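Undergrad: Here's a sequence, model it:
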Amino acid sequence: MSAADSPETRTVYRFADLALSLTRRELSRNGSPISLAPKAFDLLVYLARNRGRVVDKEELVRSVWCGLRLSGGAVAQCVWTVRAAIERAGGCKQIIATVPRCGYRFVAPITEDAGPHVTRSPSLPASFAASLIGRSEELERLETFLPRLADSQIRLLFIDGWPGIGKTEVAERACSIAAARGFRVLKARCASGDAPPLWPCRQLLRAAECQLPYGTSIPETMECILEAVLKECREAPVALFVEDLHAADSATLAFLGTFLTFARESGTTLIATARSAPAPSNRIGAWLAAFSSDVMVEHLTLRGLKPAHGARLAGSLLPPARAECEAQQIHRYAGGFPLFIKETCRALSTLSKREWDPLPMSPRILDLLQHELGQLPHDTLELLRAAAALDDGFTIDDLREIAPRASSLTITCQRALDCDLLERCDIGRRVRFRCGLIREFIRRHYVVERHERKHDRRNDVAASAQVAMMES
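TA: Coordinates of the predicted model:
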């Protein structure tokens, strides 16, 4: 029998008109759930289990917070949170009594019974349903890879791809599956710029309802956060979701590596997303390689949607009268990127077909492309500027006519193909832009006239040569 099926975890405490379900981790009144923070829920359960006696603050810190160093009013604030939530729901106020200078006592009459075991099926958030069109293969891999409660093997699910490719939607689906299987999900997001060290780890600490003592050093902070997260893993299976790992500082990567080492037999799952293009991070690759032999790793690299799926997504976002004639064009323009498709459809919703020239480009897409293309190596950007001056579909020889650094052109073009900036056509050795938005952005915001003049002169020479051959 797994922990989730044991009689203790299936207990339902009933007091006043409230029900405290340990299986669902839910407090409800007359069947209506009452929102309660995770640590507030744990405190209420501990007091209910120890009803009839006074529980002092030191015992609560030791049992509920695993002995972490807390600010002076943290326990009192948590008790107040429980009382306030019950009062807002219209429940009885006399549930937890304060015993001055001693602690707290659960005072409400209580009964307990073994509630039915409920198996929840994974539910898909409605806001992500459309974005997961065309991701059936990835979702099937998630279902197979994510663990059940009885599995003690630690796992790492790593999802990467271009910005706008749908990493967050797939990761949120993974979190939904984990939650439905009984895992508690803690979420954090890395931030570049002025974020303090260990910023996502501090978010995990707050999600675990813990606080850092003031003035702690980075090593002390790492130790405190690690202790709190490992304590959560010992109490119940945990899935950690860390978004935008490419923006993580070195201390955060070190913390996550230490966590994977110490939590090896806990059955924990770490879900992480990162941008892999146009500038993949070598340090993230090295970080992944360090655990490939000791941790079960599933690496999903997301690509653009296939034409049928991209058109289907666009069709689901457009008025029926426009979906049939414009969905395929939008997919090609957006390169199969779900975010680009959605933003383009949103921009088009206020335009008529006649206003497609110039093509719409939302501020969100402009900011994203400006940031990503600005990080490209100079030779790659030069190649893209030359490619933007050509027709849609060109060869390396076409580029060599107008692009500088001809000696490295093949290598640079291959790098652009690997980063999903370019793709191969079905005919011959021709390549083209993976996303029409990128080609349009380069044409609007980078100087390409020099390449266009060379391209026009080359075409004039070729046309003159052909005429001369015909006359001869």
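
Undergrad: Quick check: buried residues in stretch 145-161?
TA: 145-147, 154-161 (16 or more other Cβ atoms under 10 Å). All C-beta spots, glycine's among them, are computed from the backbone N, C-alpha and C.

Undergrad: Stretch 183-191 too?
TA: Result for stretch 183-191 [16+ other Cβ under 10 Å]: buried residues 183-191.

Undergrad: How far does that stretch sit from its chain's centre?
TA: Put simply, stretch 183-191 sits 9 Å off its chain's centre (Cα atoms, centre = their mean, to the nearest Å).

Undergrad: Give me the contacts around that stretch.
TA: 25, 38, 149, 175, 178-179, 199-201, 203-204, 207-208, 229, 232, 236-249, 252, 269 (Cβ atoms under 8 Å, 6 or more residues apart in numbering).

Undergrad: buried subset of these?
TA: Buried among these by 16+ other Cβ under 10 Å: 25, 38, 175, 178, 199-201, 203-204, 207-208, 229, 232, 236-249, 252, 269.

Undergrad: model confidence over the helix or strand harbouring residue 315, on average?
TA: Using DSSP states H and E, residue 315 falls within helix 307-317. For helix 307-317, the mean per-residue pLDDT is 86.

Undergrad: And for stretch 184-193?
TA: 82.

Undergrad: do stretch 199-209 as well
TA: Regarding stretch 199-209, the rounded mean pLDDT is 77.

Undergrad: ditto for stretch 373-390
TA: Rounded mean pLDDT across stretch 373-390 is 81.

Undergrad: buried ones in that stretch?
TA: Residues of stretch 373-390 classed as buried by neighbour count (16+ other Cβ under 10 Å): 373, 376, 379-390.

Undergrad: Same check on stretch 27-44?
TA: For stretch 27-44, the neighbour count (16+ other Cβ under 10 Å) marks 27-29, 34, 36, 38-44 as buried.

Undergrad: Report the two of those residues separated the most.
TA: 29 and 39 (20.4 Å; Cβ to Cβ).

Undergrad: one step back: just give me the closest of the buried residues of stretch 27-44 to residue 12.
TA: Nearest to residue 12 among the buried residues of stretch 27-44, counting by Cβ to Cβ, is residue 28 at 9.7 Å.

Undergrad: The closest one bridge partners, please.
TA: Taking DSSP bridges as the rule, residue 28 bridges to residue 19, residue 33.

Undergrad: Now, the buried ones among the contacts of stretch 183-191 that are in strands?
TA: Secondary structure assignment (DSSP state E) places 238-243, 269 from those within strands.

Undergrad: between these, which is nearest residue 394?
TA: For those, with residue 394 as the reference and Cβ to Cβ as the criterion, the closest is residue 243, at 36.7 Å.

Undergrad: Once you drop chain neighbours, what's closest to that closest one?
TA: residue 189 (4.3 Å; Cβ to Cβ, 6 or more residues apart in numbering).

Undergrad: sorry, back to before: for the helix holding residue 315, buried residues please.
TA: Quick answer for helix 307-317 (16+ other Cβ under 10 Å): 309-315, 317.

Undergrad: Hmm, residue 221 is touching residue 198, no?
TA: Yes - using Cβ atoms under 8 Å, residue 221 is in contact with residue 198, at 5.7 Å.

Undergrad: picking up where we left off before, so can I have JSON lines of the ones in strands among the buried ones among the contacts of stretch 183-191 showing pLDDT and distance to residue 58?
TA: Below are these laid out as JSON lines (pLDDT from 0 to 100; distance: Cβ to Cβ, whole Å):
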{"residue": "238", "pLDDT": "85", "distance to residue 58": "25"}
{"residue": "239", "pLDDT": "87", "distance to residue 58": "31"}
{"residue": "240", "pLDDT": "89", "distance to residue 58": "29"}
{"residue": "241", "pLDDT": "92", "distance to residue 58": "33"}
{"residue": "242", "pLDDT": "92", "distance to residue 58": "33"}
{"residue": "243", "pLDDT": "91", "distance to residue 58": "37"}
{"residue": "269", "pLDDT": "86", "distance to residue 58": "33"}
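
Undergrad: At which residues are the strands of this structure located?
TA: Counting by DSSP E, the chain has these strands, from start to end: 11-15, 18-21, 26-29, 32-34, 96-99, 103-106, 110-114, 155-161, 184-189, 238-243, 269-275, 296-301, 422-424, 431-433.

Undergrad: out of the ones you listed, nearest to residue 369?
TA: When the strands of the chain are compared by Cβ to Cβ, strand 431-433 sits nearest residue 369, at 12.1 Å.

Undergrad: which residues are contacting the closest one?
TA: 335, 387-388, 392-396, 413, 417, 421-425, 439.

Undergrad: Weed out the non-buried ones from the residues you listed.
TA: When the contacts of strand 431-433 are checked for burial by 16+ other Cβ under 10 Å, the buried set is 335, 387-388, 394, 396, 413, 421-423, 439.

Undergrad: Please identify which pair of those residues lies farthest apart.
TA: Longest span within the buried ones among the contacts of strand 431-433, Cβ to Cβ: 335 and 396, 21.1 Å.

Undergrad: so how far is the helix holding residue 315 from its chain's centroid?
TA: Relative to its chain's centre, helix 307-317 lies at 22 Å (Cα atoms, centre = their mean).

Undergrad: what's the answer for stretch 20-34, then?
TA: Chain-centre distance of stretch 20-34: 29 Å, with Cα atoms, centre = their mean.

Undergrad: And for stretch 430-449?
TA: On Cα atoms, centre = their mean, the centre of stretch 430-449 falls 28 Å from the chain's centre.

Undergrad: quick one: average pLDDT of it?
TA: 78.

Undergrad: how many neighbours does residue 76 have?
TA: Residue 76 has 12 neighbours, counted by other Cβ atoms under 10 Å.

Undergrad: same question, the one 4 residues further on
TA: Residue neighbour count, defined by other Cβ under 10 Å, stands at 13 for residue 80.

Undergrad: separation between it and residue 249?
TA: Distance of residue 80 to residue 249, given as Cβ to Cβ, to the nearest Å: 35 Å.
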